[in-house]
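Trainee: Output the structure for:
(2 chains)
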Amino acid sequence: MIPQEGSGSRGADDADYQFEAATWAIEACYEDLLGIEAVSQAVRSSYGAQGRGADPEVGIGGDGPAGVLPYTMPTRTPYQVSVHLTEQHPGEVASQLDAIFRQASGYASGTAERLQSLIDNVFGVDVHAVWSAADAQYQTCTHLAGQFIDNFADVGQLMNDHFKGETARRYREWYDKVDDVVNQLIDFAGVAQIGAAATANVLWVAKASMVTIGREAQTAFETTLDAWKQDAGNFPFQPGLTHQSITQFKGLVDQVVGYAKKIPGVIGKAAGAAEKAEGIVGTIDRLIQRDEKNEQAVTTIASRSAELLASLTDALVTKSADVSAALDRIGSETRPHRQEIESRPQLVLPVERPEFHYA
Amino acid sequence: MAEEEIVAPLTDLYRAGKETFPRFAEMVAKATEELGGFYDVWKGQLAEAGNPPSLVDAVAINGECYDLLRRAVIFINNGAEALVHAADELARSDSDAAESSITLKRLVQEPLRTPAVPAPREEDAA
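Mentor: Numbering: from 1, shown residues only, chains lettered A, B, ... in the order given. Below you'll find the predicted structure:
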């Protein structure tokens, strides 16, 4: 698996850019969802909730005790709902609802950055640079090993022929030392190269998974937002999902499960890591099953959003932990070699000049 | 006949000391510099990746390889000097031999050029 250079917003790669974009989209949806929920609650509690399905064309004074206010929900893509007023001051009501929306949506601030921080051992890492350096180190070591054999052996033969006695012994010792040390160091460099390349592979697979999780969560939030927007005719809806919303979520769950099933095999091949297809998928699935079993289950926009966020958080934390575990396992393979190279005095060549004499 | 025999090893000695060994030292120096570059790249991503043991070890091993290969460059340069010293001794003992070949004359007069030894790592130099 060879990471490709991308155009990440943090100088890393395209996967970071895609995940970052997903988290910002999630934050935007979450802001809208919290705003819609707050406005709904305000309308239900303060302005009356008796006019569900009313015709906004009727306008103030046309229906209900004091009329119907067509209110434009200030979401990123605004849409209209009907507010049945118990009092006459539609201008004030609209501005009050706008303020309530803004205040509630403000609670979503920082969501994107928090999500990014949950997987910060993957997000922002320049995996391509790590992998490229590992690949180049392989080339360097291979080249040096080949040159060593070709050039140095010839000189060794020459010296064996023309150095005699003590000088010959000194030369052979000298030659054996540098031959042995350089070859061993090439091997050690190979271990470092494998460790770094394996690290890059794990991170690369994790990045792909991170993007999938982020995108699926983004879709879940966008679907949630769409469900409530499409249900605008029932505003201010009683807490809970419509049948239409449940159907949409079921389709989404099937899609997410399909993705998640592919993930374990991929990362398993790369690092032997066991992937959990839980998190967002399991939580949404349980949510749907619960809704299907009990149509009276109370699911507000806020609780739905919170559950989605919790699911996403679980998925990212699990992913981050899986990456750490995989890199720990790779580290357990490289650690003995590190300890070996750090504790072998014979690898430290002397800096004094040898004495050779022609005999 | 005796003169020819001694010219051949003298030439080979000078070639080994002034060409082959420096060329090999140059290769090791180049590989050392490259390993140092890869070390920097990996080290630069350590914090971003949360210091995973696999990359921490790769950085540490490369750092050690850099230091030890750097000494190998010094070691090979010293070997080149020792060979040239042995060849100079031989040339001085038989000036006729040293003067009898144009190739040898060039090798004798040519200064020994060993490659620059890669700089110590910053953390070692500090």
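Trainee: For the residue positioned nearest the centre of chain B, list the residues it contacts.
Mentor: The centroid of chain B falls nearest to residue B:25 when counting by C-alpha atoms, centre = their mean (2.2 Å). By C-beta atoms under 8 Å, 6 or more residues apart in numbering or on different chains, the residues touching residue B:25 are B:73, B:76, B:77, B:80, B:114, B:115. Glycine gets a C-beta too; all of them are placed from N, C-alpha and C.
Trainee: so of the residues you listed, which ones are in helices?
Mentor: Applying DSSP state H to the contacts of residue B:25, the entries found in helices are B:73, B:76, B:77, B:80.
Trainee: Now chain B against chain A: closest residue?
Mentor: residue B:53 (2.6 Å; C-beta to the nearest C-beta).
Trainee: From residue A:86, how far out is residue A:92?
Mentor: Distance, residue A:92 to residue A:86, by C-beta to C-beta, to the nearest Å: 13 Å.
Trainee: I should have written residue B:71 there, sorry.
Mentor: Distance, residue B:71 to residue A:86, by C-beta to C-beta: 87 Å.
Trainee: who has more neighbours, these two?
Mentor: residue B:71 (20 against 13; other C-beta atoms under 10 Å in any protein chain shown).
Trainee: where's the residue nearest to the more buried one when sequence neighbours are not counted, which helix or strand?
Mentor: Nearest non-adjacent residue to residue B:71, counting by C-beta to C-beta, 6 or more residues apart in numbering or on different chains: residue A:349, 4.7 Å away. Here residue A:349 sits in a region with no helix or strand, counting by DSSP states H and E.
Trainee: Who are the contact partners of residue A:349?
Mentor: A:177, A:178, A:181, B:68, B:71, B:72, B:74, B:75.
Trainee: neighbours around the residue in chain A that chain B sits nearest to, how many?
Mentor: Using C-beta to the nearest C-beta, the closest approach of chain A to chain B is made by residue A:331 at 2.6 Å. When neighbours are defined as other C-beta under 10 Å, residue A:331 has 20 of them.
Trainee: dump the residue contacts of it.
Mentor: A:195, B:52, B:53, B:54, B:56, B:57.
Trainee: Touching, the third one and residue A:329? I think so.
Mentor: No - distance between residue B:53 and residue A:329: 9.0 Å, which falls outside the contact criterion (C-beta atoms under 8 Å).
Trainee: Tell me which of these two has more neighbours.
Mentor: Set residue B:53 next to residue A:329 and count neighbours by other C-beta under 10 Å: residue B:53 wins out with 20 against 16.
Trainee: quick check, the residue of chain A closest to chain B in a helix?
Mentor: Yes - using DSSP: H, G, I helix; E, B strand; the rest coil, the assignment for residue A:331 is a helix.
Trainee: returning to what we had before: buried members of the contacts of residue A:331 into ChimeraX, please.
Mentor: The following ChimeraX line selects those of the contacts of residue A:331 that are buried, judged by 16 or more other C-beta atoms under 10 Å in any protein chain shown:
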select /A:195 /B:52,53,54,56,57
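Trainee: Report how many residues lie close to the closest residue to residue A:323 other than its chain neighbours.
Mentor: Once flanking residues are discounted, residue A:323 sits nearest to residue A:206: 4.7 Å by C-beta to C-beta, 6+ apart. If you count neighbours by other C-beta under 10 Å, residue A:206 ends up with 29.
Trainee: which one in chain B is furthest away from the centre?
Mentor: residue B:50 (37.4 Å).
Trainee: what's near enough to touch it?
Mentor: Neighbour list for residue B:50: A:120, A:121, A:324 [criterion: C-beta under 8 Å, 6+ apart].
Trainee: can you narrow those to ones near chain B?
Mentor: Among the contacts of residue B:50, the residues lying close to chain B (C-beta under 8 Å from any C-beta of the partner chain) are A:120, A:121, A:324.
Trainee: quick one: the second one is in a helix?
Mentor: This points to residue A:121. No - per three-state DSSP, residue A:121 lies outside any helix segment and is coil.
Trainee: Could you pull up the residues touching it?
Mentor: With C-beta under 8 Å, 6+ apart, residue A:121 has these contacts: A:320, A:323, A:324, B:49, B:50, B:52.
Trainee: Report pLDDT for residue A:13.
Mentor: Listed pLDDT for residue A:13 reads 80.
Trainee: My read is that it contacts residue A:124, right?
Mentor: No - Residue A:13 is beyond contact range of residue A:124, at 9.5 Å (criterion: C-beta under 8 Å).
Trainee: I'd like to know how many residues surround the nearest residue in space to the residue nearest to the centre of chain B that is not next to it in sequence.
Mentor: Excluding the flanking residues, the one nearest residue B:25 by C-beta to C-beta, 6+ apart is residue B:76, at 4.0 Å. Using other C-beta under 10 Å, residue B:76 has 26 neighbouring residues.
Trainee: Could you measure from residue B:76 over to residue A:177?
Mentor: Distance check for residue B:76 against residue A:177: by C-beta to C-beta, it reads 11 Å.
Trainee: what do you get for residue A:203?
Mentor: From residue A:203 across to residue A:177, the span is 39 Å (C-beta to C-beta).
Trainee: who's more crowded, those two?
Mentor: Between residue A:203 and residue A:177, counting by other C-beta under 10 Å, residue A:203 is the more crowded of the two (33 against 18).
Trainee: Output the below-cut-off pLDDT ranges for chain B.
Mentor: Along chain B, segments meeting pLDDT under 70 span B:1-8, B:95-101, B:124-126.
Trainee: whoops, chain A was the one
Mentor: A:1-12, A:47-66, A:87-88, A:90, A:148-156, A:237-300, A:359.
Trainee: Strands of that one, residue ranges please.
Mentor: Ranges of strands in chain A, per DSSP state E, are A:68-73, A:79-84.
Trainee: Can you lay out the ones you listed as CSV showing distance to residue B:61?
Mentor: Below are the strands of chain A laid out as CSV (distance: least, C-beta to C-beta, whole Å):
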stretch, distance to residue B:61
strand A:68-73, 59
strand A:79-84, 59
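Trainee: possible to save the ones you listed as CSV with mean neighbour count and distance to residue A:217?
Mentor: What follows is those, written out as CSV (neighbours: other C-beta atoms under 10 Å in any protein chain shown; distance: least, C-beta to C-beta, whole Å):
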stretch, mean neighbour count, distance to residue A:217
strand A:68-73, 20, 23
strand A:79-84, 21, 23
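Trainee: Throw these into JSON lines and include distance to chain B, thanks.
Mentor: Shown next, in JSON lines, are the strands of chain A (distance: least, C-beta to the nearest C-beta, whole Å):
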{"stretch": "strand A:68-73", "distance to chain B": "40"}
{"stretch": "strand A:79-84", "distance to chain B": "41"}
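Trainee: What about residue B:93, how many residues nearby?
Mentor: Neighbours around residue B:93, by other C-beta under 10 Å: 11.
Trainee: Then residue B:37?
Mentor: As a burial measure, residue B:37 scores 16 neighbours (other C-beta under 10 Å).
Trainee: Now do stretch B:41-48: everything it contacts.
Mentor: Here stretch B:41-48 has contacts from A:12, A:120, A:124-126, A:129-130, A:132-133, A:196, B:55-56, B:58-59, B:62, using C-beta under 8 Å, 6+ apart.
Trainee: Can you give me the buried ones in it?
Mentor: Of all the residues in stretch B:41-48, those buried under the rule 16+ other C-beta under 10 Å are B:41, B:42, B:43, B:45, B:46, B:48.
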